[in-house]
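Undergrad: how would this look folded up:
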Amino acid sequence: MKKVLLLFFCVIFGGISYTQIINGRFSTSFYSFEQFDTIGISNSYWRAFQTFQFDVTKDRYSFHTLIQGNTNISGEVNEVSSLKFYNMYLKIKKIFNIADINFGRQYIFGGISNGLIDGATLRLSFYNNRLILKTFAGSIVNKDLKPELTKNIKNNYLLGFHFLGNPIQDLNLSISYLDRHRDRLQYKANRPDSLGYLYEKLISYQSGAEKFFSTDVDYNFLNYGQIYARYDYDLNLEKTSRIQFGTKIYVTNNIAFNGEYIKRTPRLYFNSIFYVFQSSNNEEIEGGVEYSYLPNLKFYAKLANVKYSGDKANRYTFGMSTDYGSLFYAKSDGYAGELSSVSAQIFYPLLNRKIIPSISVSRSSYKLSDKSERYESFASVFGVAVNLINSISVDVQLHWLNNKVYKDDLRFLLKANYFFSQKLNIL
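TA: Numbering: from 1, shown residues only. Predicted coordinates for the structure are as follows:
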């Protein structure tokens, strides 16, 4: 596979090295944390991350990559350094002025379908993008994100389509389909034969499967609000997987009411061991109000009720947001225990947004059940983003955490970004 990738690079860069536009981004990060190996004994560790994004474009052709490497640069942590390939694909645009094609490793966003594949995507657009059809197929990428193709493709693949329509202004329709299989790990175990003697047997299962059909509609009616609806159907189990309705209505220019209803079943792989256990639907109803005092000052409140089989839970949310920060309070109780939290974030741009200091703090209080002990958690982040030079930015953050597990946990993050875009004008 490595030889194939090397040949691919040579072909691409050999034909596009004289391209017009080259874009890139390099991000280097250092992350420090303290680990307690035994009670009262700790060690400090440093980890380094390097992200490399490089795009080459000429006319209708472009090549895109996104690669990240990480390693430990101090201490001994039981982790192997790795190099991960998130993107690596060739794109050809405007074929016959209607088609775009991607070949290679790419992330799929296609309605109910999503995931990273090694494969191809075809996008067809008609009537000034008012009608779009996107189809895709490929093998599921290995969990280590190495530059290697999945060996057992017949049990590790994703394919589907996504149809988007805009028949009239402010009305968007979507239809999507997903067919995905994931191979399960095989293992060996001792099993008795017909006479009771143990022998080693290879245990394997059919690949887990997902096959869904989904449709949704989104409509904005003038300046009065919008409505949204979604329906998912499980083709393997032949039953409804999800029903969702949502709306937002503007009473005045400053006040809006919103509501949402969701009914869903646990989304499990067909042939999965979890299908042995009985599962049931849950329903969620949420309503709220938003108030805009100024264009950049908004207040909101939401109440939600979630119904499970034989139980229920409630969720309350209150908050405000401005151009310089936000304040948020949330509380939930019922099936999953009790949790209340408050958080605030403040940031203020300086020197025409070249320096942006920020502070985030949060406090949480929770109980796992009515009879359990109550626990407290505190967290804060102090940071500053600096962009004095257009092509270089630096982010520095200091994290502090205090809870039942971590007492006065302190962490440090430093990230430097370098951006470049060059027009060669060779051809």
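Undergrad: Please determine how far the closest residue to Phe221 other than its chain neighbours is located from Leu222.
TA: Excluding its sequence neighbours, the residue lying closest to Phe221 (Cβ to Cβ, 6 or more residues apart in numbering) is Asp170, at 7.0 Å. All C-beta spots, glycine's among them, are computed from the backbone N, C-alpha and C. Using Cβ to Cβ, to the nearest Å, Asp170 is found at 8 Å from Leu222.
Undergrad: Likewise for Asn258?
TA: Using Cβ to Cβ, one obtains 17 Å as the distance from Asn258 to Leu222.
Undergrad: which one of the two has more residues nearby?
TA: The neighbour comparison of Asn258 against Leu222 (other Cβ atoms under 10 Å) goes to Asn258, with 18 against 8.
Undergrad: The strand or helix carrying that one: partners in the sheet, and parallel or antiparallel?
TA: Using DSSP states H and E, Asn258 sits within strand 255-264. Partners of strand 255-264 in the sheet, by DSSP bridges, are strand 239-250 (antiparallel), strand 282-294 (antiparallel).
Undergrad: and the ones you listed as JSON lines, adding distance to Ser125 and mean pLDDT?
TA: Shown next, in JSON lines, are those (distance: least, Cβ to Cβ, whole Å; pLDDT from 0 to 100):
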{"stretch": "strand 239-250", "distance to Ser125": "27", "mean pLDDT": "94"}
{"stretch": "strand 282-294", "distance to Ser125": "35", "mean pLDDT": "93"}
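Undergrad: Please tabulate the ones you listed in TSV and include distance to Phe103 and mean neighbour count as additional columns.
TA: Compiled in TSV, the strands paired with strand 255-264 are given as follows (distance: least, Cβ to Cβ, whole Å; neighbours: other Cβ atoms under 10 Å):
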stretch	distance to Phe103	mean neighbour count
strand 239-250	32	16
strand 282-294	41	15
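Undergrad: Let me have the ones you listed in JSON lines, extended by distance to Ala385.
TA: As requested, the strands paired with strand 255-264 are exported to JSON lines (distance: least, Cβ to Cβ, whole Å):
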{"stretch": "strand 239-250", "distance to Ala385": "32"}
{"stretch": "strand 282-294", "distance to Ala385": "25"}
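Undergrad: so which of those comes closest to Gln68?
TA: strand 239-250 (33.0 Å; Cβ to Cβ).
Undergrad: For beta bridges, what are the partners of Thr215?
TA: In beta-bridge terms (that is, DSSP bridges), Thr215 pairs with Ile175, Tyr231.
Undergrad: now stretch 168-177, how far from the chain's geometric center?
TA: 23 Å (Cα atoms, centre = their mean, to the nearest Å).
Undergrad: so for that stretch, what's the average pLDDT?
TA: Throughout stretch 168-177, pLDDT has a mean value of 94.
Undergrad: So what touches it?
TA: For stretch 168-177, contacts defined as Cβ atoms under 8 Å, 6 or more residues apart in numbering pick out 110-113, 160-167, 212-222.
Undergrad: all helices for the stretch 251-400 of the chain, in order.
TA: With DSSP state H, counting those that start in this stretch as the criterion, the stretch 251-400 of the chain has no helices.
Undergrad: which regions of it sit below the pLDDT cut-off?
TA: 269-278 (pLDDT under 70).
Undergrad: change it to 90
TA: 253, 265-282, 293-296, 308-312, 333-337, 367-373, 389-390 (pLDDT under 90).
Undergrad: what comes up buried for the strand holding Asn258?
TA: Across strand 255-264, burial judged by 16 or more other Cβ atoms under 10 Å covers Ala256, Asn258, Glu260, Ile262, Lys263.
Undergrad: didn't the third one look like it was pressed against Phe245?
TA: Yes - contact status for Glu260 versus Phe245: in contact at 6.9 Å, counting by Cβ atoms under 8 Å.
Undergrad: any idea which element Val56 lies in?
TA: With DSSP H and E as criterion, Val56 is part of strand 41-58.
Undergrad: my read: Asn152 touches Asp183, true?
TA: Yes - counting by Cβ under 8 Å, Asp183 is a contact partner of Asn152 at 5.3 Å.
Undergrad: show me what contacts Leu235?
TA: With Cβ under 8 Å, 6+ apart, Leu235 has these contacts: Lys211, Phe212, Phe213.
Undergrad: and it, how far is that from Phe213?
TA: 6 Å.
Undergrad: re the thing from before, and the residue nearest to Phe221, its phi and psi?
TA: phi 70, psi 0 (degrees, to the nearest 10).
Undergrad: cool, and Lys154?
TA: Dihedral angles (degrees, to the nearest 10) for Lys154: phi -60, psi -20.
Undergrad: partner residues bridging the closest residue in space to it that isn't next to it in sequence?
TA: Leaving aside its sequence neighbours, Lys154 sits nearest to His181 (Cβ to Cβ, 6+ apart; 7.9 Å). On the basis of DSSP bridges, His181 is bridged to Tyr157, Ala209.
Undergrad: what's near enough to touch His181?
TA: His181 neighbours (Cβ under 8 Å, 6+ apart): Ile140, Lys154, Asn155, Asn156, Tyr157, Leu158, Ser207, Gly208, Ala209, Glu210.
Undergrad: For the stretch 301-427 of the chain, which segments count as strands?
TA: 311-322, 325-334, 338-347, 355-367, 375-389, 392-402, 409-423 (DSSP state E, counting those that start in this stretch).
Undergrad: Any chance of TSV for those strands, columns mean neighbour count and distance to Ile175?
TA: Formatted as TSV, the strands of the stretch 301-427 of the chain follow (neighbours: other Cβ atoms under 10 Å; distance: least, Cβ to Cβ, whole Å):
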stretch	mean neighbour count	distance to Ile175
strand 311-322	15	31
strand 325-334	16	34
strand 338-347	16	38
strand 355-367	16	40
strand 375-389	15	41
strand 392-402	16	41
strand 409-423	14	37
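Undergrad: Please convert the ones you listed to a markdown table, extending it with distance to Asn97.
TA: What follows is the strands of the stretch 301-427 of the chain, written out as a markdown table (distance: least, Cβ to Cβ, whole Å):
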| stretch | distance to Asn97 |
| --- | --- |
| strand 311-322 | 42 |
| strand 325-334 | 44 |
| strand 338-347 | 44 |
| strand 355-367 | 42 |
| strand 375-389 | 39 |
| strand 392-402 | 38 |
| strand 409-423 | 25 |
